[in-house]
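A.B. asks: Sequence plus the predicted model coming up.
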Amino acid sequence: MTANIIDGKAFALGLRERIATQVATFREATGRVPGLAVVLVGEDPASAVYVRNKHKATVAAGMASFEHKLSAHTSQADLLALVDQLNADPAVDGILVQLPLPGHIDERAVITRIDPDKDVDGFHPVNAGRLATGLEGFVPCTPLGCLMLLKDQLGDLAGLDAVVIGRSNIVGKPMAQLLVKESCTVTVAHSKTRDLSSVVKRADIVVAAVGRPEMVKGEWIKPGACVIDVGINREPAQPGGSNGRLVGDVDFAGALSVAGAITPVPGGVGPMTIAVLLRNTMISAHRREDVSYDKDAW
Ligand code: GUN
């Protein structure tokens, strides 16, 4: 068997096109466009690339992008004051503070300062609680993007065995919640899990989000399983000076001959995150203007 390679890039592009159409309709109905504020503190090169890509995608969708680039020495008090200002700004529907923050700033204090109803990252504990208890709220972008790919591939997920490898607040835990909501039988595996290969072997759905290059081996995969690889790991630079290749948390070549479907790295889960961020911002704008929006139609 050769697995179907899931084209996250194409799926995300389609989603972004539909969002752009919805932005135009929203603008006609309300006289304004949805607005996303992104805050970057410091000069981390990877974060700068992410923020630039978010800005470009926001503008391409016809939304307003408010970028705030602050020095690495910004005090926590100044950052919190900016969050307060964005919370109060009626043109801002979504607020994203790019992580990681410099070491002298308490990330939790910043995340909890964001108005939960503008928290398009879905990181605020209020939104985590809403997801866990089945209330309407914002769902973190990467796991929601993974769920979209899974449902597009498999349709109804009810009754399937799923394993999520990784228990972060950003991916692993919300991913597990989403799969429980879809009536999967969910195992959350992590660094202390015993006999991980056997746990993975019985899963119809594998979501790998551990941040360890090619840790999940092809022979661990149940034949026909759907494999979602959230990992983005850069291999060491080549002797000639060129950048190392990007690899996921799954041994892609090994899994390809066993799985039913698998996301590549790059071009799988990665492009979904920004598309879902735009969608969350769009939903926020609709809620704040009391305009109806079908959140189950992707
Ligand atoms: N850093 C890496 N990914 C993310 C993300 O999805 N949201 C935020 N706020 N920071 C990140």
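C.D. replies: It's in.

A.B. asks: Helix, strand, or coil at residue 130?
C.D. replies: Three-state call for residue 130 (DSSP: H, G, I helix; E, B strand; the rest coil): helix.

A.B. asks: Looking at it now. What's its pLDDT?
C.D. replies: Confidence at residue 130, expressed as pLDDT, is 98.

A.B. asks: From residue 178, how far out is it?
C.D. replies: Residue 130 sits 13 Å away from residue 178, going by Cβ to Cβ, to the nearest Å. Bear in mind the C-beta positions are built from the backbone N, C-alpha and C, glycine included.

A.B. asks: now do residue 220
C.D. replies: Per Cβ to Cβ, residue 220 is found 23 Å from residue 178.

A.B. asks: what's the answer for residue 262, then?
C.D. replies: Residue 262 sits 19 Å away from residue 178, going by Cβ to Cβ.

A.B. asks: One more: residue 53?
C.D. replies: 24 Å.

A.B. asks: nearest residue to residue 125 other than its sequence neighbours?
C.D. replies: Excluding its sequence neighbours, the residue lying closest to residue 125 (Cβ to Cβ, 6 or more residues apart in numbering) is residue 112, at 6.5 Å.

A.B. asks: Surely that neighbour and residue 123 touch.
C.D. replies: No: when contacts are counted by Cβ atoms under 8 Å, residue 112 is not listed as touching residue 123 (9.1 Å).

A.B. asks: Return the set of buried residues in stretch 5-16.
C.D. replies: 6-9, 11-12, 15-16 (16 or more other Cβ atoms under 10 Å).

A.B. asks: okay, now residue 250: neighbour count?
C.D. replies: For residue 250, the count of nearby residues is 33 (other Cβ atoms under 10 Å).

A.B. asks: just the strands in the stretch 1-150 of the chain please.
C.D. replies: 4-5, 35-41, 64-70, 94-97 (DSSP state E, counting those that start in this stretch).

A.B. asks: do the same with the stretch 151-298 of the chain
C.D. replies: Per DSSP E, counting those that start in this stretch, the stretch 151-298 of the chain carries strands over the ranges 161-165, 185-189, 205-208, 226-229, 233-234, 246-247, 261-262.

A.B. asks: Just list whatever residues bridge to residue 208.
C.D. replies: The bridge-partner assignment for residue 208, based on DSSP bridges, gives residue 165, residue 229.

A.B. asks: Parallel or antiparallel, list what pairs with the helix or strand bottoming out on mean pLDDT in the chain.
C.D. replies: Scoring the helices and strands of the chain by mean pLDDT, DSSP states H and E places strand 233-234 at the bottom, with a mean of 93. Under the criterion DSSP bridges, strand 233-234 sits next to strand 246-247 (antiparallel) in its sheet.

A.B. asks: Excluding its own residues, what touches the partner strand? List them.
C.D. replies: Here strand 246-247 makes contact (Cβ atoms under 8 Å, 6 or more residues apart in numbering) with 213-214, 231-235, 265-266.

A.B. asks: do stretch 285-298 as well
C.D. replies: Residues outside stretch 285-298 that contact it (Cβ under 8 Å, 6+ apart) are 15, 18, 22, 26, 29-30, 33-35, 93, 117, 148, 279, 282-283.

A.B. asks: That one: end-to-end distance?
C.D. replies: 17 Å (Cα to Cα, to the nearest Å).

A.B. asks: and residue 167, which of the strands of the stretch 1-150 of the chain is closest to it?
C.D. replies: When the strands of the stretch 1-150 of the chain are compared by Cβ to Cβ, strand 94-97 sits nearest residue 167, at 22.3 Å.

A.B. asks: So is that closest one next to the ligand?
C.D. replies: Yes: counting by Cβ under 6 Å from any ligand atom, the ligand has neighbours in strand 94-97: 96-97.

A.B. asks: Check the offset of that strand from the chain's centre.
C.D. replies: Distance of strand 94-97 from its chain centroid, counting by Cα atoms, centre = their mean, to the nearest Å, is 14 Å.

A.B. asks: go on, stretch 271-280?
C.D. replies: Counting by Cα atoms, centre = their mean, stretch 271-280 comes out at 7 Å from the chain centroid.

A.B. asks: Give me the mean pLDDT for that stretch.
C.D. replies: Computed over stretch 271-280, the mean pLDDT rounds to 98.
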